[in-house]
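Participant: predicted model and sequence below, questions to follow.
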Amino acid sequence: MAARGLTIVIKLGTSSIVDEKTHEPILSILTLIVETVARLRKDGHRVVLVSSGAVGVGLRRMDWDKRPTHLPRIQALAAVGQCRLMSLWDNLFSHLRVPVAQILLTRNDIADRTQYINAQNTFEQLFDMGVVPIVNENDTLAVSEIKFGDNDTLSAIAAATVKADYLFLMTDVDCLYTANPRTNPDAEPIEVVSDISLLEADVSSAGSALGTGGMSTKIVAAKLGTSAGVTTIITKSSKPGNVHDIVKYLQRLQEAPNGDQISDIPRPPLHTRFLPSDTPIQSVTFWLLHGLTPHGTLYIDQGAYDAILNHKASLLPAGVVGVEGHFAQQEAVRLVVAERPSPDALDGDFIHHAQEPREVGRALVNYGSMEIALIKGHRSTHIESLLGWSESEYVALRENISFHPEESHPVTPCLTPALEEWKSPRSPPNGRS
Ligand SMILES: N[C@@H](CCC(=O)OP(=O)(O)O)C(=O)O
């Protein structure tokens with residue numbers, strides 16, 4: 001039986017495709033990527049590339065030594081580089097007769113539900129036309145509040161948007177290790193991470209001089225990807241052909257009817273595979289949680305939280321104990337569970353007295369921050385007399401509320417503990433190359 005065509009997103013960071021010192025494109029890698037993508041397509045798969053490198057390529061074009069710090073200069077440089085970067089990709093892909101398309105995104109572009117769906121439709125159409133979409137952040141427009149921040153996060157959001165089967169985060173290491181393999185001879189590769197919430201990652205790991213991501217942003221991207229049902233894979237960018245081999249291996253693994261035959265399958269190149277959540281969140285939920293930038297925070301009491309979570313209730317003004325930030329109707333806010341203040345507490349006191357306030361989800365609100373500050377703690381029947389008008393009896397409708405699939409876990413420096421939890425039964429012996 002022919003294998004089903006998969007949707008595969010491959011993310012390439014700046015350091016994978018641009019020489020850090022000379023800023024020249026690493027043509028050998030770019031070519032191998034193009035050949036790999038062409039092979040995957042021949043196998044019937046749909047491929048999206050998320051390519052960084054606009055700033056790096058721009059530096060070469062302008063003959064500048066280093067990345068500027070002044071934002072308009074970075075944005076101008078990215079505009080120069082993006083054009084050249086795409087011409088490089090287009091040129092290389094054209095030799096194998098693969099048409100490509102450029103998709104530049106900012107958070108704003110997908111903050112509107114209609115635009116998000118438009119983006120989905122465009123990807124879909126490009127796949128139907130046999131085109132490889134090449135995605136980057138729209139650096140020319142993006143300022144901090146509308147930035148994805150790094151292309152690892154962008155690639156996870158793109159993977160969720162196209163409902164990808166696999167997201168490959170190409171990096172300068174083969175995989176995650178139980179310890180630093182350069183300094184610790186006992187370091188073992190981590191082949192499978194079945195529950196990413198158990199993983200403790202080094203948030204201090206820096207990215208390259210040109211890019212913005214690092215290992216920590218890959219872990220964040222893997223969390224986003226797996227929560228949306230996307231198997232997320234870290235593997236070495238200098239061996240792009242590995243992507244093809246890993247996909248073949250995973251297909252054979254899926255087709256193997258029972259465990260006995262798995263041992264007959266040749267081992268794949270080294271990689272770390274983050275397994276998707278058993279209960280992936282829906283597209284709308286993912287969009288609410290990750291597509292929108294929150295403009296403020298609503299503090300809700302435990303009763304409201306339980307009612308929304310367990311009884312599918314909408315959020316009433318009575319369940320709101322505090323408001324932070326300035327936001328308008330239909331903007332996204334964080335939801336944080338906090339204790340109700342004592343009657344004699346000063347405004348805002350609940351935040352300080354609450355036992356570990358925690359963000360539990362996000363919501364699109366029916367009222368702006370000023371209105372919610374007036375109606376919080378009151379019955380819905382009082383909204384009209386308090387505001388002089390009433391839009392809805394709810395601060396947020398249940399369908400516009402999404403909860404995070406898991407509570408946030410502390411992220412501490414080290415990739416080592418709880419190894420047994422992550423290792424697949426087939427983890428290779430120490431020192432495997
Ligand atoms: N959008 C930017 C890259 C941003 C970024 O995160 O880069 P990287 O950390 O190399 O994936 C560019 O094209 O230069």
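Facilitator: Ah, there it is. Numbering: from 1, shown residues only.
Participant: where does this structure have low pLDDT?
Facilitator: 1-4, 143-147, 149, 200-214, 257-262, 340-356, 406-433 (pLDDT under 70).
Participant: quick check: closest non-adjacent residue to residue 75.
Facilitator: Leaving aside its chain neighbours, residue 75 sits nearest to residue 140 (4.9 Å; criterion: CB to CB, 6 or more residues apart in numbering). C-beta coordinates here come from the backbone N, C-alpha and C atoms, glycine included.
Participant: what of residue 168?
Facilitator: Nearest residue to residue 168 in three dimensions, chain neighbours excluded: residue 10, at 4.6 Å (CB to CB, 6+ apart).
Participant: quick one: the one you found and residue 34 touch, right?
Facilitator: No - with contact defined as CB atoms under 8 Å, residue 10 does not reach residue 34; the gap is 11.1 Å.
Participant: so which of those two has more stuff around it?
Facilitator: Legend: neighbour count by other CB atoms under 10 Å for residue 10 and residue 34, higher for residue 10 (27 against 23).
Participant: list the contacts for the residue nearest to residue 168?
Facilitator: Shown in contact with residue 10 (CB atoms under 8 Å, 6 or more residues apart in numbering): 33, 36, 37, 47, 48, 49, 50, 168, 170, 240, 243.
Participant: distance check, it against residue 274.
Facilitator: Using CB to CB, to the nearest Å, one obtains 15 Å as the distance from residue 10 to residue 274.
Participant: so residue 234 sits right up against residue 167, yeah?
Facilitator: No - if you go by CB under 8 Å, residue 234 and residue 167 don't touch, sitting 9.7 Å apart.
Participant: quick one: is stretch 95-107 near the ligand?
Facilitator: No - Stretch 95-107 is not in contact with the ligand by CB under 6 Å from any ligand atom; minimum separation 9.1 Å.
Participant: give the buried residues for that stretch.
Facilitator: Buried residues in stretch 95-107, defined by neighbour count with 16 or more other CB atoms under 10 Å: 98, 100, 101, 103, 104, 105, 106, 107.
Participant: would you mind measuring from the nearest residue to residue 148 once chain neighbours are set aside to residue 49?
Facilitator: Spatial nearest neighbour of residue 148, chain neighbours left out: residue 154 (4.1 Å); criterion: CB to CB, 6+ apart. Separation of residue 154 from residue 49 (CB to CB): 12 Å.
Participant: overlap of the contact sets of these two?
Facilitator: By CB under 8 Å, 6+ apart, the residues touching both residue 154 and residue 49 are residue 135.
Participant: contacts only, for the nearest residue to residue 375 once chain neighbours are set aside.
Facilitator: In space, and not counting its chain neighbours, residue 375 is closest to residue 317: 4.2 Å by CB to CB, 6+ apart. Neighbouring residues of residue 317 by CB under 8 Å, 6+ apart: 372, 375, 376, 377, 378, 379, 380, 382, 383, 395.
Participant: identify the farthest-apart pair in those residues.
Facilitator: For those, the farthest-apart pair by CB to CB is 372 and 379; their separation is 14.4 Å.
Participant: between these two, which has more neighbouring residues?
Facilitator: Ranked by neighbour count (other CB under 10 Å), residue 372 and residue 379 place residue 372 first, with 23 against 12.
Participant: any idea which element the more buried one lies in?
Facilitator: Under the criterion of DSSP states H and E, residue 372 resides in helix 369-375.
Participant: mind giving me the packing neighbours of that helix?
Facilitator: Packing partners of helix 369-375 (3 or more CB pairs under 8 Å, 6 or more residues apart in numbering; DSSP states H and E): strand 320-325, helix 383-387.
Participant: of the contacts of residue 10, closest to residue 215?
Facilitator: Nearest to residue 215 among those, with distances taken as CB to CB, is residue 170, at 12.8 Å.
Participant: so what's that closest one up against?
Facilitator: Per CB under 8 Å, 6+ apart, neighbours of residue 170: 10, 11, 12, 13, 16, 235, 236, 237, 240, 243.
Participant: quick one: which of the residues you listed is nearest to the ligand?
Facilitator: residue 13 (3.3 Å; CB to the nearest ligand atom).
Participant: my read is that that closest one contacts residue 56, right?
Facilitator: No - between residue 13 and residue 56 there is no contact under CB under 8 Å: 9.7 Å.
Participant: helix or strand: which one has residue 8?
Facilitator: If you go by DSSP H and E, residue 8 is part of strand 7-12.
Participant: packing partners of the following helix or strand past that strand?
Facilitator: Sequence order places helix 14-17 as the next helix or strand after strand 7-12, per DSSP H and E. Helices and strands touching helix 14-17, by 3+ CB pairs under 8 Å, 6+ apart, are helix 27-42, helix 54-62.
Participant: what's the angle from the first one to strand 7-12?
Facilitator: On the basis of axes from the mean of the first three to the mean of the last three CA atoms, to 10 degrees, helix 27-42 is oriented at 180 degrees to strand 7-12.
Participant: what about helix 27-42, near the ligand?
Facilitator: No - taking CB under 6 Å from any ligand atom as the criterion, helix 27-42 and the ligand are apart, separated by no less than 13.2 Å.
Participant: mind giving me the packing neighbours of that helix?
Facilitator: Judged by 3+ CB pairs under 8 Å, 6+ apart, helix 27-42 is in contact with strand 7-12, helix 14-17, strand 46-51, helix 71-95, helix 241-255.
Participant: name the residues that touch it?
Facilitator: Residues contacting helix 27-42 (CB under 8 Å, 6+ apart): 8, 10, 12, 16-17, 47, 49, 88-89, 92-93, 95-96, 98, 130, 132, 237-241, 243-244, 247.
Participant: with the shortest one instead?
Facilitator: Contacts to helix 54-62, defined as CB under 8 Å, 6+ apart, come from residues 14, 17-18, 22-25, 64-67, 74, 77-82, 84-85, 88, 136, 139, 210-211.
Participant: now do stretch 188-197: distance to the chain's middle.
Facilitator: 18 Å (CA atoms, centre = their mean, to the nearest Å).
Participant: typo on my end, it should be stretch 162-182
Facilitator: That offset, for stretch 162-182, works out to 14 Å (CA atoms, centre = their mean).
Participant: re the thing from before, which members of the contacts of residue 170 are the farthest-apart pair?
Facilitator: 13 and 243 (14.6 Å).
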